[in-house]
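J.: Output the structure for:
(2 chains)
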2 protein chains.
Amino acid sequence: MSNAQRKPLILITNDDGIQAKGIQALARAMAPHGRVVVVAPDRAQSGMGHAVTINGILKMEQVTFGVPEVEAAWQTTGTPVDCVKLAIYEILGQKPDLLLSGINHGSNASINVIYSGTMSAAVEGAVEGIPSIGFSLLNHAPDADFAACASYVEQLSLEVLNRSLPLGTCLNVNFPDLPTEELKGLKICRQSAGYWEDAFDKRTSPGGTPYYWMTGKFTNPDQGQDTDEWALRNGYVSVVPTQFDLTAHHAISTLNQWNL
Amino acid sequence: MSNAQRKPLILITNDDGIQAKGIQALARAMAPHGRVVVVAPDRAQSGMGHAVTINGILKMEQVTFGVPEVEAAWQTTGTPVDCVKLAIYEILGQKPDLLLSGINHGSNASINVIYSGTMSAAVEGAVEGIPSIGFSLLNHAPDADFAACASYVEQLSLEVLNRSLPLGTCLNVNFPDLPTEELKGLKICRQSAGYWEDAFDKRTSPGGTPYYWMTGKFTNPDQGQDTDEWALRNGYVSVVPTQFDLTAHHAISTLNQWNL
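T.: Residues are numbered from 1 along each chain as shown, chains lettered A, B, ... in the order given. As a prediction, this is how the structure comes out:
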């Protein structure tokens, strides 16, 4: 087997769409470390959670990607989770050695993990038994600066390639929006118990029909210093091991006492 | 306060759309027990997971519902999670005493919980601190028979109204497709470690463009008798306490040993 063939196969996806700056930063950081294939949505799919396309069709096409070192790039009409499934079962015909998602433009810390297409792609990777990491930067801007993320992306990805991850888990990695010299390093955390106080901006169409934009304010009463929110506020890159077993195991004994 | 005002406020939603037979069965079962308000998608939203509409607008309108005892029914252009948010913050202007989602046409046991719009609505209820239950019947047919579900829906819903649920949890309830006399009762379970072996059915459009339908086969190597899949195969109604804290707490100590 040649050296080229022994290089790890790295699948990269995101939810901001294949044109986003964040996925290009991720592919650029990892291109020297493996055979990188990009399979990503053809447009922004933020907030898609773990949606899959089961009542409609999917299309995909190979495209030119901004980072010439990648082996191939495909855009699909699907969600981030669709992209993972299409990549494994149609494009690669095998499971990659590593799945990376992002770098997301905006936080996926705390409760954002359940709404996030970026993280759902990583969770889907974990379901498939692939070592998987979702990366996000706490800056929503299309032209956000991902420069400080690159060395951490490389370090963590190579470590995960080397050691794999505990069964059934992936990593949710968030970067504070700080320059390299102000980042204090990686911190393993739990998901903070924050939530969104939702609100709707009600407007009226030119034709007189009311419509709504979802807005809201992130609220975090969780003061724990072991949380992702604490880490990010204090200059650390937060790393939360994230699982797809949603069972509240601690609640089973309580419910068994109900005598249903 | 009048008796009418003291009746619990029950929000009902689903992911099969407001016209589905399952949501009508759920509303009919609960109408005698409270003030039932239905807020559901205007069309099928299966497989939408925890998707929310953040890059587009939402519309909603009050509609006539097949169960005249319900206090009000609204259809929205949004996902199941959008429906929960619109119901609380725009329609009800308060949190309901109970949130019920379903009855889904098809299983949401095992890994299906992460793809399910039905269960994502219940999880969103838990995030909002509302006692919430998602119900599903193991029959995909539009005309599935939900008759055997009604007494269990009532029993469990009234129990949850009475006792509430452990903080941060909701219930994922699945019914085997059996007549009443063959159901063996409720069983508290954990989520089985099953998964989908995906496949894509590749076709070609009249214009010559390839497109894909997602298909797949559910596979479950998990032989545990404490799982939802075991319960359902053995005639029990499975009840899995389900949480939105995705932290793999058991993996934190492992990762801390990596010395990152």
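J.: for residue A:112, what are its contacts?
T.: With contact set as CB atoms under 8 Å, 6 or more residues apart in numbering or on different chains, residue A:112 has these partners: A:119, A:218. No exception for glycine: its C-beta is placed from N, CA and C like everyone else's.
J.: Would you indicate which residues of the lengthiest helix in chain A are buried?
T.: Using DSSP state H to define each element, chain A has its longest helix at helix A:150-163. The neighbour-count check on helix A:150-163 (16 or more other CB atoms under 10 Å in any protein chain shown) flags A:150, A:152-153, A:156-157, A:159-160 as buried.
J.: Close to chain B as well: tell me which of those residues qualify.
T.: When contact is defined as CB under 8 Å from any CB of the partner chain, those meet chain B at A:156, A:159.
J.: how about the buried residues of helix A:150-163 in a markdown table, adding distance to residue A:38 and pLDDT?
T.: Formatted as a markdown table, the buried residues of helix A:150-163 follow (distance: CB to CB, whole Å; pLDDT from 0 to 100):
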| residue | distance to residue A:38 | pLDDT |
| --- | --- | --- |
| A:150 | 17 | 98 |
| A:152 | 20 | 98 |
| A:153 | 15 | 98 |
| A:156 | 19 | 97 |
| A:157 | 15 | 98 |
| A:159 | 22 | 97 |
| A:160 | 19 | 98 |
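J.: looking at this, residue A:85 is in a strand?
T.: No. The assignment for residue A:85, made by DSSP: H, G, I helix; E, B strand; the rest coil, is helix rather than a strand.
J.: Spit out the contact partners of the closest residue to residue A:217 other than its chain neighbours.
T.: Nearest residue to residue A:217 in three dimensions, chain neighbours excluded: residue A:197, at 4.9 Å (CB to CB, 6 or more residues apart in numbering or on different chains). With contacts taken as CB under 8 Å, 6+ apart, residue A:197 has the following neighbours: A:216-219.
J.: repeat that for 7 Å
T.: By CB atoms under 7 Å, 6 or more residues apart in numbering or on different chains, the residues touching residue A:197 are A:216-217, A:219.
J.: these two touch, right, residue A:44 and residue A:19?
T.: No. Residue A:44 is beyond contact range of residue A:19, at 9.0 Å (criterion: CB atoms under 7 Å).
J.: follow-up on the earlier one: which of the residues in whichever strand or helix holds the residue nearest to residue A:217 are buried?
T.: Per DSSP states H and E, residue A:197 falls inside strand A:195-204. Of the residues in strand A:195-204, those buried by neighbour count under the rule 16+ other CB under 10 Å are A:195-196, A:198, A:200.
J.: Could you work out the most separated pair of these?
T.: A:195 and A:200 (16.4 Å; CB to CB).
J.: and which of the buried residues of strand A:195-204 is nearest residue A:78?
T.: Using CB to CB, residue A:196 comes nearest to residue A:78 of those, at 25.7 Å.
J.: wait, what's in contact with the residue nearest to the closest one when sequence neighbours are not counted?
T.: Closest residue in space to residue A:196, ignoring its immediate chain neighbours: residue A:216 at 4.4 Å, by CB to CB, 6+ apart. Residue A:216 makes contact with A:196-199, according to CB under 7 Å, 6+ apart.
J.: now do 10 Å
T.: Going by CB atoms under 10 Å, 6 or more residues apart in numbering or on different chains, residue A:216 touches A:195-200, B:52, B:54, B:85, B:89.
J.: Mind listing the shared neighbours of residue A:44 and residue A:19?
T.: Counting by CB under 10 Å, 6+ apart, the shared contacts of residue A:44 and residue A:19 are residue A:142.
J.: The longest helix of chain A: how far from the chain's middle?
T.: Here helix A:150-163 shows a centroid-to-chain-centroid distance of 15 Å under the convention CA atoms, centre = their mean, to the nearest Å.
J.: Can you list the helices and strands that the helix or strand following that helix packs against?
T.: Counting by DSSP H and E, the next helix or strand C-terminal to helix A:150-163 is strand A:169-175. Judged by 3 or more CB pairs under 10 Å, 6 or more residues apart in numbering or on different chains; DSSP states H and E, strand A:169-175 is in contact with strand A:98-105, helix A:112-115, helix A:117-127, strand A:132-137, helix A:150-163, helix A:228-233, strand A:237-243, helix B:249-256.
J.: Extract the CA atoms of strand A:169-175 and return them as CSV.
T.: Taking Å, rounded to 0.1, in the frame of the first residue of the first chain, the C-alpha atoms of strand A:169-175 are listed here in CSV:
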residue,chain,number,x,y,z
THR,A,169,-19.7,9.8,21.7
CYS,A,170,-18.5,12.7,19.5
LEU,A,171,-17.0,16.0,20.5
ASN,A,172,-18.7,19.4,20.5
VAL,A,173,-15.9,22.0,20.3
ASN,A,174,-16.5,25.7,20.6
PHE,A,175,-14.0,28.5,20.2
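J.: Could you tell me the angle between that strand and helix A:150-163?
T.: Counting by axes from the mean of the first three to the mean of the last three CA atoms, to 10 degrees, strand A:169-175 points 170 degrees away from the direction of helix A:150-163.
J.: okay, who's weakest in the buried residues of strand A:195-204 by pLDDT?
T.: Across those, the smallest pLDDT goes to residue A:198, namely 92.
J.: Residue B:84 versus that one, what's the distance?
T.: According to CB to CB, to the nearest Å, residue A:198 stands 9 Å off from residue B:84.
J.: and for the two, which residues touch both?
T.: With CB under 10 Å, 6+ apart as the test, residue A:198 and residue B:84 both reach B:52, B:124, B:128.
J.: ok so, going back, of the contacts of residue A:197, which belong to strands?
T.: Per DSSP state E, strands hold the following members of the contacts of residue A:197: A:216-217, A:219.
J.: Now stretch A:50-60 - C-alpha only, PDB.
T.: Extracted in PDB, the C-alpha atoms of stretch A:50-60 (Å, rounded to 0.1, in the frame of the first residue of the first chain):
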ATOM      1  CA  HIS A  50     -31.100  16.200  13.100                       C
ATOM      2  CA  ALA A  51     -33.500  16.600  10.100                       C
ATOM      3  CA  VAL A  52     -33.300  14.000   7.400                       C
ATOM      4  CA  THR A  53     -35.000  14.100   4.000                       C
ATOM      5  CA  ILE A  54     -37.400  11.200   4.000                       C
ATOM      6  CA  ASN A  55     -40.400  12.700   2.100                       C
ATOM      7  CA  GLY A  56     -38.400  14.200  -0.700                       C
ATOM      8  CA  ILE A  57     -35.600  13.700  -3.100                       C
ATOM      9  CA  LEU A  58     -31.900  14.500  -2.800                       C
ATOM     10  CA  LYS A  59     -29.500  15.800  -5.500                       C
ATOM     11  CA  MET A  60     -25.800  16.200  -5.400                       C
END
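J.: Near residue A:135, how many other residues are there?
T.: A total of 31 residues lie near residue A:135 under the criterion other CB atoms under 10 Å in any protein chain shown.
J.: residue contacts, it?
T.: The contact partners of residue A:135, by CB under 10 Å, 6+ apart, come to A:14, A:22-23, A:25-26, A:29, A:100-104, A:108, A:118-119, A:122, A:146, A:149, A:152-153, A:156-157, A:171-175, A:237.
J.: Tell me the bridge partners for it.
T.: Residues in a beta bridge with residue A:135, per DSSP bridges, are residue A:173.
J.: pLDDT wise, what is it at?
T.: 98.
J.: contacting residues around the nearest residue in space to residue A:48 that is not next to it in sequence?
T.: Computed as CB to CB, 6+ apart, the closest residue to residue A:48 that is not its neighbour in sequence is residue A:117, at 4.0 Å. Contact analysis of residue A:117 by CB under 10 Å, 6+ apart lists A:13-16, A:41, A:44-51, A:79-81, A:83, A:101, A:104, A:108, A:134, B:49-51.
J.: Out of those, list just those in strands.
T.: Those of the contacts of residue A:117 mapping onto strands are A:13, A:41, A:101, A:104, A:134, per DSSP E.
J.: From those residues, keep the buried residues only.
T.: For the ones in strands among the contacts of residue A:117, buried by 16+ other CB under 10 Å: A:13, A:41, A:101, A:104, A:134.
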